[in-house]
Structure formats: C-alpha cells, structure tokens
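S.K.: Could you work out the structure for the sequence below:
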Amino acid sequence: MRGQEGVTLREITESAGVNVAAVSYHFGSLKTLCDAAIEHALERYLDAQIQALSSLDPTSTLPELAAAFARPMVRALAAGGQDLAAMRTVARVGIDPPQGWERLTRKFEQTRRDAVQVLTARLPGVDEQELVFRTRCAAGLLNWLALAPIGTELAATPAEEIERLLVPVVAGAFHGHQ
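M.R.: The predicted structure follows:
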C-alpha cells in the first residue's frame, strides 16, 4: 500500500469512474477527500455498533455486551480486504482525529451509554466514570486489533471463530477485577 502520500486525486477518480473536476470542486483536495472517506467509514462502524447494542437491555450478560460491542470489528476482520483496510485507517486516524469528527460525538456517546447501561446492571458498585473508562479501553482494544499484525492474521477467519476468541477478552475488559 502506498498510503495517502503515494496516491493522486486523479488515480482515485479514474478508479472510481468519476470526474476529477467534480471531485476537486466538491472536496477541494485529496486530504479533504480522504478525511471524508475515513469519517464515513467511522460513521458506518458506529452505526453498526449502535444497532448491535440496541438489542441489549440491563438483563444482558457481559459476553452478550462484548459480542455486540465487537460485532462490527469482527465482521471487518472476517471480511478482510477493503473492510479491514478501512478499519485499520479509521483506527490509525482515530489516534489524532481530524477536525469535523465532533459531529460524531453523539454516536460515540450513544455506544458508551448503551454499554454503560448493561455494565451498571451487571457490575453494581462500580462507578459510572470507571465503567466509561472500561468501555473506552474495550474500544481501544478493538482498534489495536485492527492495527496489529494479529488483525491481518485473522483476516478471512470465519466471524464465528473470531467472536469465540474475542468475546471473552472484551468481556474481561468490561468486567475488570472486582
């Protein structure tokens, strides 16, 4: 992979079969186009995570929470290819998010709120601030998985197998040590 620095706007538009002038007019620069594409991929990920978490309620178990929370990443790992490449890019850029990602704040908060709702019921006595911390750590673990060599090794592994391996790890991050 050449990365953003090694590709031109013309190459992208030719590959996509679109007019370079129209893309230049709408986005202005290759960086703006790339930022928009990464933001779109993150939004799709968050939407999938929100959808998976919406099926949970306070009676859900930690493994059920972990499976729902990790489901979009499990799917990307199992699909490999462009899906995994998009998650890797989102995870890399998420370390130092570009301006404009504030519009996704409500979606980040929704995933945390949904996770904390289950965690509060399952882990009485752990304060909300710590539960938010654990949720953010679990999200970081998933980002690391996308970036680390193990993510590439898991590419094209059946989703069921990835979930079998990953759910106990994410559930452990949520549970912590009591």
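S.K.: where does the residue of the chain positioned farthest from its centre land on pLDDT?
M.R.: Farthest-out residue of the chain from its mean C-alpha position, per C-alpha atoms, centre = their mean: Ala21, at 31.9 Å. Note on Ala21: pLDDT of 74.
S.K.: so which helix or strand takes in it?
M.R.: According to DSSP states H and E, Ala21 maps onto helix 20-27.
S.K.: Over to Ser55?
M.R.: Per DSSP H and E: Ser55 is located in neither a helix nor a strand.
S.K.: Tell me who's in contact with the closest residue to it other than its chain neighbours.
M.R.: Leaving aside its chain neighbours, Ser55 sits nearest to Ala68 (6.7 Å; criterion: C-beta to C-beta, 6 or more residues apart in numbering). Every residue, glycine included, has its C-beta placed from N, CA and C. Going by C-beta atoms under 8 Å, 6 or more residues apart in numbering, Ala68 touches 49, 52-53, 55-56, 60.
S.K.: can we see that at 10 Å?
M.R.: The contact partners of Ala68, by C-beta atoms under 10 Å, 6 or more residues apart in numbering, come to 49-56, 60, 111, 114-115, 118, 167, 170.
S.K.: Check what pLDDT the closest residue to Asn143 other than its chain neighbours gets.
M.R.: Counting by C-beta to C-beta, 6+ apart, Ala91 is the residue found nearest to Asn143 once chain neighbours are left out, at 3.9 Å. We have a pLDDT of 88 for Ala91.
S.K.: Tell me how far Ala91 lies from Arg122.
M.R.: 27 Å (C-beta to C-beta, to the nearest Å).
S.K.: Of these two, which one has the most company?
M.R.: Comparing Ala91 with Arg122 by other C-beta atoms under 10 Å, the one with more neighbours is Ala91, at 22 against 19.
S.K.: wait, isn't that one in contact with Leu147?
M.R.: Yes: with contact defined as C-beta atoms under 10 Å, Ala91 counts as touching Leu147 (5.1 Å).
S.K.: and the longest helix for this structure?
M.R.: Criterion DSSP state H: the longest helix present in the chain is helix 30-53.
S.K.: mean confidence for it?
M.R.: 86.
S.K.: That helix vs helix 20-27, what angle?
M.R.: Note on geometry: by axes from the mean of the first three to the mean of the last three C-alpha atoms, to 10 degrees, helix 30-53 and helix 20-27 are set 70 degrees apart in direction.
S.K.: if we can go back for a sec, and the residue farthest from the centre of the chain, what is it in contact with?
M.R.: Thr13.
S.K.: For it, give its distance to Cys34.
M.R.: 18 Å.
S.K.: Likewise for Gly80?
M.R.: Where Cys34 is concerned, Gly80 sits at a distance of 21 Å (C-beta to C-beta).
S.K.: more neighbours, those two?
M.R.: A direct count of neighbours by other C-beta under 10 Å for Gly80 and Cys34 places Cys34 higher, at 19 against 15.
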